[in-house]
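Student: Quick check, what structure comes out for this input:
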Amino acid sequence: MIYITNIRLGNNGNGHEHITDLRWRDPASNQVGQSSRQQMVDFIRGNGVARVQDRYGDVAVGVVDVSPPYVRTVADGRWTDNLLALPRF
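Tutor: From the prediction side, this is the model:
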């Protein structure tokens, strides 16, 4: 499992579909890294678990299956905006 800590948005918008890169950390190994949106989509689709922490706990990250696919947090079966609240890099 990894926690996404930061996002980078492209120049053409500020929605989830415009996230180009994500920084993350693995609490089990203390490893930190950076992935493109497609790499994160592939990680999650390959049964990887990504989450976002906030002041209330943590929220799962899922894949929105459109073309091209992108990532977004989901809580209680509804898409949420936790990724967009993360710091930018």
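
Student: from here on, contacts and neighbour counts on C-alpha atoms
Tutor: Will do.

Student: The nearest residue to Ser36 once chain neighbours are set aside: how many residues sit nearby?
Tutor: Closest residue in space to Ser36, ignoring its immediate chain neighbours: Asp21 at 4.3 Å, by CA to CA, 6 or more residues apart in numbering. Residues contacting Asp21 under the criterion other CA atoms under 10 Å number 19.

Student: Partner strands of the helix or strand encompassing Asp21 and their direction?
Tutor: Element membership of Asp21 [criterion: DSSP states H and E] is strand 19-26. Strand 19-26 has the following sheet partners, assigned by DSSP bridges: strand 2-9 (antiparallel), strand 31-36 (antiparallel).

Student: What backbone torsions are found at Gly43?
Tutor: Slight slip there: residue 43 is Phe, not Gly. phi -60, psi -50 (degrees, to the nearest 10).

Student: contacting residues for the nearest residue to it once chain neighbours are set aside?
Tutor: Across the structure, with CA to CA, 6+ apart as the measure, the residue nearest Phe43 apart from its sequence neighbours is Val49 (7.8 Å). Neighbour list for Val49: Met1, Ile2, Phe43, Ala60, Val61 [criterion: CA atoms under 8 Å, 6 or more residues apart in numbering].

Student: any idea how far the first one lies from Arg51?
Tutor: Spelled out, that is Met1. To Arg51, Met1 is 8 Å away according to CA to CA, to the nearest Å.

Student: Could you give the number of residues near the nearest residue to Ile19 once chain neighbours are set aside?
Tutor: The spatial neighbour of Ile19 that comes closest, neighbours along the chain excluded (CA to CA, 6+ apart), is Leu9 at 4.4 Å. If you count neighbours by other CA under 10 Å, Leu9 ends up with 18.

Student: beta partners for the residue nearest to Ser36?
Tutor: In this structure, Asp21 bridges to Arg8, Ser36 when assessed by DSSP bridges.

Student: Show the model's pLDDT score for it.
Tutor: Per-residue pLDDT puts Asp21 at 98.

Student: cool, and Tyr56?
Tutor: Here, the pLDDT recorded for Tyr56 equals 84.

Student: quick one, helices of this protein?
Tutor: Counting by DSSP state H, one finds helices in the chain at the ranges 37-45.

Student: pLDDT weak spots in it?
Tutor: The model of the chain has no residue with pLDDT under 70.
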